[in-house]
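Trainee: When you get a sec, could you give me coordinates for this:
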Amino acid sequence: MTNKARFLFHFPSSQDACVIAQSLSPEIQHRIPKATVSFSVDKKTLKVTIESEDVSSLRAACNSYLRWISTALSVKQLV
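Mentor: Numbers count the residues shown, from 1 in each chain. Take a look at the predicted model:
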């Protein structure tokens, strides 16, 4: 059984959504063990989907990506 988490982030502009997506792209290349992550941008919305065979790996991947998104948003506010 595959466990799945999907997060939708709505931004004020499509450019903001693209900037956060681009900041996540290096993390996608360095795969998290036992998890598959994909993301897409549709207008002002960033969609992140995380799948894993076990719940503990799903939780770990979710925590990592949510933390990276939070960090990217904090940096964006400073710049």
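Trainee: What's the biggest helix in the chain, counting residues?
Mentor: helix 55-78 (DSSP state H).
Trainee: Can you spell out which helices and strands pack onto that helix?
Mentor: Packing partners of helix 55-78 (3 or more CB pairs under 8 Å, 6 or more residues apart in numbering; DSSP states H and E): strand 3-10, helix 14-29, strand 35-42, strand 45-52. Using the backbone N, CA and C atoms, a C-beta is placed for each residue, glycine as well.
Trainee: what's the average pLDDT for the second one?
Mentor: Going back to what we said before, that points to helix 14-29. Averaged across helix 14-29, pLDDT comes to 87.
Trainee: Next one: residue 65 from residue 52, what distance?
Mentor: 12 Å (CB to CB, to the nearest Å).
Trainee: Now the common contact residues for the two.
Mentor: Residues touching both residue 65 and residue 52 (CB atoms under 8 Å, 6 or more residues apart in numbering): none.
Trainee: Contacts only, for the closest residue in space to residue 75 that isn't next to it in sequence.
Mentor: In this structure, residue 75 finds its nearest non-sequential neighbour in residue 23, 7.9 Å apart by CB to CB, 6 or more residues apart in numbering. Contact analysis of residue 23 by CB under 8 Å, 6+ apart lists 68, 72, 75.
Trainee: What sits closest to residue 34 if chain neighbours are left out?
Mentor: Nearest residue to residue 34, sequence neighbours excluded (CB to CB, 6+ apart): residue 57, at 3.9 Å.
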